[in-house]
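**Q** Could you work out the structure for the sequence below:
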Amino acid sequence: MSDETPASSTNESRRAATELPKISDPHARCPQCRYQLNGLPLYGMCPECGSAYSPDTMHTITPWPSPLVVCWRIGWPLASWAVIATFVGLATGGDTEAITLAMFCTGWPLLIVAVINGYFQVRSMLRKHMPEEVRTRGPVAVMRAIGTTVCIILLLILVAPPVACAAMCLTMSF
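**A** The predicted structure is shown next:
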């Protein structure tokens, strides 16, 4: 016969549970409900939804980059346009016609690059920092569809007039 009492075996199991390795990643999430699992045992049941999790099944979501990083990732084409304007202004001694021509010739391609870059940067950030279930359903999915539509419309607006002008110039010269 065992000389253990039920209370001592309960205390031992509690002690063993507290000695289990814990999750130390603050970005570890439940695979079902995305509850933050930091500080919980490596294997267990989610306290929020009750689904099982393990290091193989839990999701890790990286935090959003700082606003400055987001602005740089999306706005570098416009920043480069400002740098070009500054250098052209310095090189021409402030000749407004030269600056206008340079800004028009570099601005149009950089606007196209800005639209394409913005689309891919936002897409990349959503993939890295938002779970698939959130980004493919509901309001986020609607905003992604609107953003894609706006990018396509902007590209058509930016590309169509110069292409039409070039085609007219080519047909008029013959």
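
**Q** hey, let's count contacts and neighbours off CA atoms from now on
**A** OK.

**Q** The residue nearest the centre of the chain sits in which helix or strand?
**A** Nearest to the geometric centre of the chain sits M125, at 1.0 Å (CA atoms, centre = their mean). In the assignment (DSSP states H and E), M125 maps to helix 96-129.

**Q** which secondary structure elements does that helix contact?
**A** helix 67-91, helix 138-173 (3 or more CA pairs under 8 Å, 6 or more residues apart in numbering; DSSP states H and E).

**Q** still on that earlier bit, nearest spatial neighbour of the residue nearest to the centre of the chain, skipping sequence neighbours?
**A** Once flanking residues are discounted, M125 sits nearest to W64: 7.7 Å by CA to CA, 6 or more residues apart in numbering.

**Q** same check, this time on T92
**A** The shortest distance from T92 to any non-neighbouring residue, by CA to CA, 6+ apart, is to A98 (7.0 Å).

**Q** Name the spans of the protein whose pLDDT lies under the cut-off.
**A** For the chain, the stretches flagged by pLDDT under 70 are 1-19, 173-174.

**Q** now with 50?
**A** The model of the chain has pLDDT under 50 over residues 1-2.

**Q** how close does M45 get to L37?
**A** 10 Å (CA to CA, to the nearest Å).

**Q** the more surrounded of these two?
**A** Ranked by neighbour count (other CA atoms under 10 Å), M45 and L37 place L37 first, with 26 against 16.
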